[in-house]
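Visitor: What follows is a predicted protein model with its sequence.
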Amino acid sequence: MANNSYSGVKNSLVEANHDGEFGCTLKELRSLMELRGAEAIGKLGECYGDAHGLCNRLKTSPSDGLSGQPADIEKRKTVFGQNLIPPKKPKTFLQLVWEALQDVTLIILEVAAIVSLGLSFYRPPDAEREHCGKAAGGVEDETESEAGWIEGAAILLSVICVVLVTAFNDWSKDKQFRGLQNRIEQEQKFTVVRGGQVIQIPVAEIVVGDVAQVKYGDLLPADGVLIQGNDLKIDESSLTGESDHVKKTLEKDPMLLSGTHVMEGSGKMVVTAVGVNSQTGIIFTLLGGNEDDDEDEEEKKKEKEEKKKQRKTKAQDGAAMEMQPLNSDEATDAEEKKKANLPKKEKSVLQGKLTKLAVQIGKAGLLMSAITVIILVVLFVVDTFWVQNLPWVKDCTPIYIQFFVKFFIIGVTVLVVAVPEGLPLAVTISLAYSVKKMMKDNNLVRHLDACETMGNATAICSDKTGTLTMNRMTVVQAYIAEKHHKKVPEPESIPSPALDVLILGIAVNCAYTTNIMPPEKEGGLPRQVGNKTECALLGFSNDLKRDYHAIRNEIPEEKLYKVYTFNSVRKSMSTVLKMADGSFRMFSKGASEILLKKCCKLLTASGEPKLFRPRDRDDMVKKVIEPMASEGLRTICLAYRDFSASDGEPDWDNENDILSGLTCICVVGIEDPVRPEVPDAIRKCQRAGITVRMVTGDNINTARAIASKCGILLPGDDFLCLEGKEFNRRIRNERGEIEQERIDKIWPKLRVLARSSPTDKHTLVKGIIDSTVLEQRQVVAVTGDGTNDGPALKKADVGFAMGIAGTDVAKEASDIILTDDNFSSIVKAVMWGRNVYDSISKFLQFQLTVNVVAVIVAFTGACITQDSPLKAVQMLWVNLIMDTFASLALATEPPTESLLLRKPYGRNKPLISRTMMKNILGHAVYQLTIIFTLLFAGEKLLDIDSGRNAPLHAPPSEHYTIVFNTFVLMQLFNEINARKIHGERNVFEGVFNNLIFCSIVFGTFIIQIVIVQFGGKPFSCVALTIDQWLWCTFLGFGSLLWGQVISSIPTSRLKFLKTAGHGTQKEEIPDDELEELEDEDEIDHAERELRRGQILWFRGLNRIQTQMDVVSAFQSGTSFQGALRRQASNSSQQQHDVTNVSSPTHVAFSTTTPATAANSASATVGYPSCEGIPQLHLPL
């Protein structure tokens, strides 16, 4: 491969000179980025000398970056491409219309309407018409019989309406989703150096030749070559499938690839490939993310094959390779495919319940409509050929067929009304509306279903820094030169040797990307950029009237001899400087109780170090650190160590030796005030039945003090505050394995987990989710900002990442991004989540009432009067009101504070509670009574002609118009009733806060007037008088009064009421499938409904096998328990490790010992490539 690409480079060099623009071409850079390790270094040296040579060719400076002039940036974009991967084209409106037309019921209706249309144009000879039976005759008016086509046409028209509305909804949903994606992408910024200034620019603006600063937690936005790096480690699993972190150095492997995560360290790189030319871009293109020239595509495929071969040979060297099927390239490609198709439709728990309910209702509707058609046909045949005793005349055939088509249309309309196709629409509208509104409440929702899951949350595990506190840190106390200053000391009061060492240590041993900037507004606070703890230290140096910038200018980042960057294992950061005399000085900073253990000297007032014994350390902990921590301050120790030149250069890789024998310079107490709105937000959570737990990397005393200030710990409560070590000791057995029973003893009382590692956070979240102590399964939300919070964020039911302080990795793993990093925004998310659930329930209550009434009316009416009182077009209008309009009206109710006064619904709570069932049946009884009274006695009561038993093309009657009008008005008033689902009396409360609701109810009323007064034949309506309208309105208004009667009946008395709309219970899902589903990210409930067949198959076989085991056990005389024991061990074995192979019908089981299972659970994490990630630990 190297030779081929070299010849390629030679040719392209000629092209480059031909171009005269830059010293290297796009193709050259692309082929350079294909290489790794020694090959890459060889190629770099051969073609460009080194990274600095590459910078020269790209006309950029390694220290100052690009000039940043617009003309230069534009030129680079045209030559090397933009940093954008074009998204897939959205579906056009016509495609969406076509999709909406695929609905089965609509197709049946269309066919029926077309047949009806065709037959209506057939004219039988008038003379014979009388022979065709009573029902066919009796139409004297010529114009009326000619209007037979209207019904068919009207049905087609209403079908078109329904299709357009559905398509428009889908289109606007897609548009919203894309808008959301764009917003997420636009918010992603990256740090680059331009014109010597460090600036943040949107990722899309990065061009080839930019010098970018990479640091812990970044998701690399483009490919590049390392110019300078400190302890840089990258997780490349998203590209290579290898879970080990790759160390990047200038000597061994300087290639940085887009789409990979920085797990440790920092550095600078020169960007060499962006957009579709970067490694991620190439994979996206291969997956057909965007159409490219065929030749180019072929070439890429070839390159890809080459790469695969290379990797395959590499893979064969590793002996453990066959153990990891995921590391194969096919798996990686599949993963990428999965990532590429991100905007997939997600099904949440709620949508699962709804799909199930809709299927059940649909089946019932199908049954009713079939019975309706059969009864109508039988009645007609019996009446015509038996009662009237008529022969079948050939000329009458079209008329009879017309009748059958009419019956068929009635049947289909019953079906259309019965099938609640508005349910998915309601969910979509409700979620989309909520997501849009949540943006204003600082919640950026990445996964639609997270919004609804949040309403069921029972526990929140929150970070401390930045979420509960303001993340604006300042040093408020210091212990320096053996003196404890309760406020920031004056520079004069500190001995000058100690002060010099302190300021030098702060300046060089804080990341150079961290800075204190002047305030944006006059008189404001200085801006803190970068790590906030480091900002506090730099601010401390400013308070001591010293300028850290001067030191940094004197010792630029390139001159630092070695940097041990902060990570959660070290819990400290150290920087080594090489002095002029050849000796070395190392500065360290870190958690005080950890770093003090490594100190053996203490800097005194004279500036000389004195011996620092363990008992001095214990004194210091008691007198300095504990008092600081109990006031809620974080304590940081600053220390240094000298290595003399005479001892030679130490072994820098032996960290334990290097980081010992330190001299303590000072201990500072850093304050991070609690956000003023947090205590109130936590009170609301507790009232809403949500337990808030604090999980922090901080000292336990600091954590306890902050938890008390926030209200997480209340006086008189029975609670636990544990440190990570103690937590691990309590949950593990003698063999070091995590046991669920042990976790179950701890988590219900645990409120604060301090000094915790990310693994502890993940273990806690998993432990709470898997727990079966309480009858309800806990729904856990987690907040996180660090790269290593990824596992816990992914494991949680809802992961919240911090928009400001969060790393890209954390955002990638989360469901919702808090754009203001504020805990009180989580409470808003809970309110919205509960509101979605209630909106759906309101809509269900309304729709099911309409369904029950419409189906029964159509069914009984058809059976008794041989004609449906509600005509097909009227049914479709009712369907439109109750599906589309009602879902808009009821799904857009804004949330109220009262939502937080009740406990969360469980995962298995039915959608239709007994109170709702009471309302549905109660209103159905009222409506049916009114309709049937009007239908069978209306002509007497209102003194009008009866509309029953009208012939085929008879003109519309007042009687049936009144029935239709009353029916619609009852629905309108019942829509107001449906606004409350917990049996509240005041159904008008807050009705004017929802303009959409008011305008829809009012608009529907206006359209209803137009339909009745001017609808005529197409709508089978006749204009009504004012009196008749008043009667209809009065009967409609009656449903509001009736609602008050219903809410007076206590639900507890009505024992016969059942709930409906349960989700698929966990117990109903076989273990093997459950395991499989839990491996996936989301459980798609609707899809699973379709997979049930295959599973039942499995179950059947399994049961037969058990029965055979039992029988054979009895026959052989062995104990019956033996067989059962075997069965139990089989099922437990299945639960351990289920791998999904190709399709659900092949499930391969592999046993895992509990020890390995526990270890792998704690050590591996569901990252995008599903690869294991070694244990990581939380930063301070």
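Guide: Received it, and whenever you're ready, just let me know what you need.
Visitor: C-alpha from now on. contacts and neighbour counts both.
Guide: Noted.
Visitor: Got the domain ranges for this protein?
Guide: Taking the TED database as the reference, the chain has its domains at 20-125+146-288, 420-434+839-1059, 443-468+676-821, 474-671.
Visitor: can you map out the helices along the stretch 451-600 of the chain?
Guide: Taking DSSP state H, counting those that start in this stretch, the helices of the stretch 451-600 of the chain run over residues 496-508, 532-543, 548-554, 592-595.
Visitor: tally of neighbours for the nearest residue to Ile670 once chain neighbours are set aside?
Guide: Among residues not flanking Ile670 along the chain, Val475 sits closest, at 4.3 Å (CA to CA, 6 or more residues apart in numbering). Residues near Val475, counting by other CA atoms under 10 Å, number 25.
Visitor: OK, contacts around Val475?
Guide: Going by CA atoms under 8 Å, 6 or more residues apart in numbering, Val475 touches 488, 536-537, 539-540, 668-671.
Visitor: Which pLDDT value goes with it?
Guide: At Val475, the pLDDT value in this model is 93.
Visitor: if we can go back for a sec, just the domains of the chain: most buried one?
Guide: Neighbour counts (mean count of other CA atoms under 10 Å) averaged over each of the domains of the chain peak at domain 443-468+676-821, with a mean of 22.
Visitor: pLDDT averaged over that domain - what is it?
Guide: On average, domain 443-468+676-821 scores 87.
Visitor: How about stretch 907-924?
Guide: Mean predicted lDDT for stretch 907-924 stands at 85.
Visitor: So the residue nearest to Ile670 versus Leu538, what's the distance?
Guide: 9 Å (CA to CA, to the nearest Å).
Visitor: hmm, back to that, want to throw the helices of the stretch 451-600 of the chain into JSON lines with mean pLDDT?
Guide: JSON lines is the format used below for the helices of the stretch 451-600 of the chain (pLDDT from 0 to 100):
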{"stretch": "helix 496-508", "mean pLDDT": "91"}
{"stretch": "helix 532-543", "mean pLDDT": "91"}
{"stretch": "helix 548-554", "mean pLDDT": "90"}
{"stretch": "helix 592-595", "mean pLDDT": "88"}
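Visitor: Distance to Asn701 added to those helices, as CSV?
Guide: Output for these, formatted as CSV (distance: least, CA to CA, whole Å):
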stretch, distance to Asn701
helix 496-508, 25
helix 532-543, 18
helix 548-554, 32
helix 592-595, 12
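Visitor: what about those helices, which gets the closest to Asp64?
Guide: helix 548-554 (13.6 Å; CA to CA).
Visitor: one step back: closest to Ala707 out of the helices of the stretch 451-600 of the chain?
Guide: helix 532-543 (19.6 Å).
Visitor: In space, not sequence, find me the middle residue of this structure.
Guide: The centre of the chain sits closest to His447, judged by CA atoms, centre = their mean, with a distance of 2.5 Å.
Visitor: which non-adjacent residue is nearest that residue?
Guide: Closest to His447 by CA to CA, 6+ apart is Asp815, at 5.4 Å.
Visitor: One more: Ala273?
Guide: In space, Ala273 is closest to Asp223, 5.1 Å off (CA to CA, 6+ apart).
Visitor: Tell me how far the one you found lies from Glu242.
Guide: Counting by CA to CA, the gap from Asp223 to Glu242 is 18 Å.
Visitor: Likewise for Thr849?
Guide: 56 Å.
Visitor: Tell me which stretches of the stretch 101-250 of the chain form strands.
Guide: Assigned strands in the stretch 101-250 of the chain, in chain order: 189-194, 197-202, 211-215, 223-235, 245-248 (criterion: DSSP state E, counting those that start in this stretch).
Visitor: hmm, who's touching the second one?
Guide: Judged by CA under 8 Å, 6+ apart, the contacts made with strand 197-202 from elsewhere in the structure are 64, 186-193.
Visitor: where along the stretch 251-400 of the chain do the strands fall?
Guide: Under DSSP E, counting those that start in this stretch, the stretch 251-400 of the chain gives strands at 255-256, 261-273.
Visitor: Which strands or helices does the shortest one pack on?
Guide: What it means is strand 255-256. Applying 3 or more CA pairs under 8 Å, 6 or more residues apart in numbering; DSSP states H and E, we find strand 255-256 packed against strand 223-235.
Visitor: Quick check: the gap between the residue nearest to the centre of the chain and Val830.
Guide: 15 Å.
Visitor: next one: Leu525
Guide: 33 Å.
Visitor: Equivalent analysis for Lys918, please.
Guide: From Lys918 to Val830 the distance is 28 Å (CA to CA).
Visitor: now do Gly1003
Guide: 32 Å.
Visitor: Please apply the same query to Gly365.
Guide: Taking CA to CA, one finds Gly365 at 36 Å from Val830.
Visitor: and what of Ala100?
Guide: From Ala100 to Val830 the distance is 33 Å (CA to CA).
Visitor: Please apply the same query to Thr565.
Guide: Counting by CA to CA, the gap from Thr565 to Val830 is 38 Å.
Visitor: ditto for Thr915
Guide: 23 Å.
Visitor: what do you get for Thr166?
Guide: 29 Å.
Visitor: Show me where the stretch 451-600 of the chain has its strands.
Guide: Using DSSP E, counting those that start in this stretch, strands in the stretch 451-600 of the chain cover 459-462, 474-480, 483-485, 515-517, 527-529, 562-564, 572-578, 584-591, 599-603.
Visitor: can you tell me which of those strands the model trusts least?
Guide: Taking the mean pLDDT of the strands of the stretch 451-600 of the chain, strand 527-529 comes last: a mean of 82.
Visitor: Relative to that one, what are the paired strands and their orientations?
Guide: strand 515-517 (antiparallel) (DSSP bridges).
Visitor: Relative to the whole chain's centre, how far out is the strand it pairs with?
Guide: 34 Å (CA atoms, centre = their mean, to the nearest Å).
Visitor: what sits against the closest residue to Leu502 other than its chain neighbours?
Guide: The shortest distance from Leu502 to any non-neighbouring residue, by CA to CA, 6+ apart, is to Ile665 (6.6 Å). Counting by CA under 8 Å, 6+ apart, Ile665 touches 480-481, 498, 501-502, 602-603, 637-640.
Visitor: Please report how far the residue lying closest to Arg732 once chain neighbours are set aside lies from Lys745.
Guide: Nearest in space to Arg732, with sequence neighbours left out and distances taken as CA to CA, 6+ apart, is Ile738 at 4.4 Å. Distance, Ile738 to Lys745, using CA to CA: 13 Å.
Visitor: Could you list the low-confidence segments of the stretch 951-1100 of the chain?
Guide: 951-953, 1060-1100 (pLDDT under 70).
Visitor: can you give me the helices for it?
Guide: So, for the stretch 951-1100 of the chain - with DSSP H, counting those that start in this stretch - the helices run 958-977, 995-1014, 1026-1048, 1071-1079, 1085-1116.
Visitor: do the stretch 1-150 of the chain as well
Guide: 2-19, 26-33, 37-48, 51-57, 70-80, 93-101, 104-120, 126-129, 142-146, 149-187.
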